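Student: just to be clear, the model below is a prediction. Sequence and coordinates:
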Amino acid sequence: MVDVVTAALLPLAAQIDSACLFGSVAQGQENSYSDVDVLLIGSIGFADVAKALFPCQETLGREVNQQVFDKAQWAEMMRKNSGFAQGIAAKPKMFLIGGVKGLKKLVGISLQEITPDPVIPVSCVESGRWHHTWDDFTSALRALKSWGRWC
């Protein structure tokens, strides 16, 4: 699943700062009726993402739903404690493009500036593929907010 969605997004990668799967798939709780939820942050338009991801639905046999935000929109959602943004931050996600590097680009500062130790991406092998998670994602976002770097 990760490979299919990532491959569909790679031609658009220059316009994507961060992309991840979230929801039941990322939490390992999906069933045969689950959709695939994709969050994208960058300068890409919704229509371009929809066009790129549409073929994935047939390949995966599931609906693929995308949430697309530019950096300013995402920063504003985090600043206002949006339930959606906070939910994404607090729950497991599977990075497709960007990961830690994408978050650094989003905030424009290095993680060393906001935490004594850098946040380390944790990798594990799942079904022979690398599955990336970020254990300290939520604490990093809280630290960024407390430093006023979202405005």
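Tutor: Cool, got the structure. Numbering: from 1, shown residues only.
Student: what residues of the strand or helix carrying residue 49 count as buried?
Tutor: Residue 49 belongs to helix 46-60 when assigned by DSSP states H and E. Residues of helix 46-60 classed as buried: 49, 52, 53, 56, 60 (neighbour count, 16 or more other Cβ atoms under 10 Å). Where you see a C-beta, it was placed from the backbone N, CA and C, and this is true even at glycine.
Student: for stretch 9-16, same thing?
Tutor: Within stretch 9-16, the residues that count as buried by 16+ other Cβ under 10 Å are 9, 12, 16.
Student: I'd say the first one and residue 15 touch.
Tutor: No. Residue 9 lies out of contact with residue 15 (Cβ atoms under 8 Å); the separation is 9.7 Å.
Student: okay, strands next: where are they in the chain?
Tutor: Counting by DSSP state E, one finds strands in the chain at the ranges 16-22, 36-42, 64-69, 94-97, 122-126, 129-133.
Student: rebuild the ones you listed as a markdown table, extending it with mean pLDDT and distance to residue 5.
Tutor: Below are the strands of the chain laid out as a markdown table (pLDDT from 0 to 100; distance: least, Cβ to Cβ, whole Å):
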| stretch | mean pLDDT | distance to residue 5 |
| --- | --- | --- |
| strand 16-22 | 91 | 7 |
| strand 36-42 | 94 | 6 |
| strand 64-69 | 95 | 7 |
| strand 94-97 | 90 | 6 |
| strand 122-126 | 36 | 15 |
| strand 129-133 | 40 | 12 |
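Student: just put these in JSON lines and tack on distance to residue 3.
Tutor: As requested, those are exported to JSON lines (distance: least, Cβ to Cβ, whole Å):
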{"stretch": "strand 16-22", "distance to residue 3": "12"}
{"stretch": "strand 36-42", "distance to residue 3": "12"}
{"stretch": "strand 64-69", "distance to residue 3": "14"}
{"stretch": "strand 94-97", "distance to residue 3": "9"}
{"stretch": "strand 122-126", "distance to residue 3": "12"}
{"stretch": "strand 129-133", "distance to residue 3": "7"}
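Student: isn't residue 59 right up against residue 4?
Tutor: Yes. Residue 59 lies in contact with residue 4 (Cβ under 8 Å); the separation is 5.3 Å.
Student: measure the closest residue to residue 46 other than its chain neighbours to residue 16 for me?
Tutor: Leaving aside its sequence neighbours, residue 46 sits nearest to residue 68 (Cβ to Cβ, 6 or more residues apart in numbering; 4.7 Å). Distance of residue 68 to residue 16, computed by Cβ to Cβ, to the nearest Å: 9 Å.
Student: that concludes my questions; thank you for your assistance.
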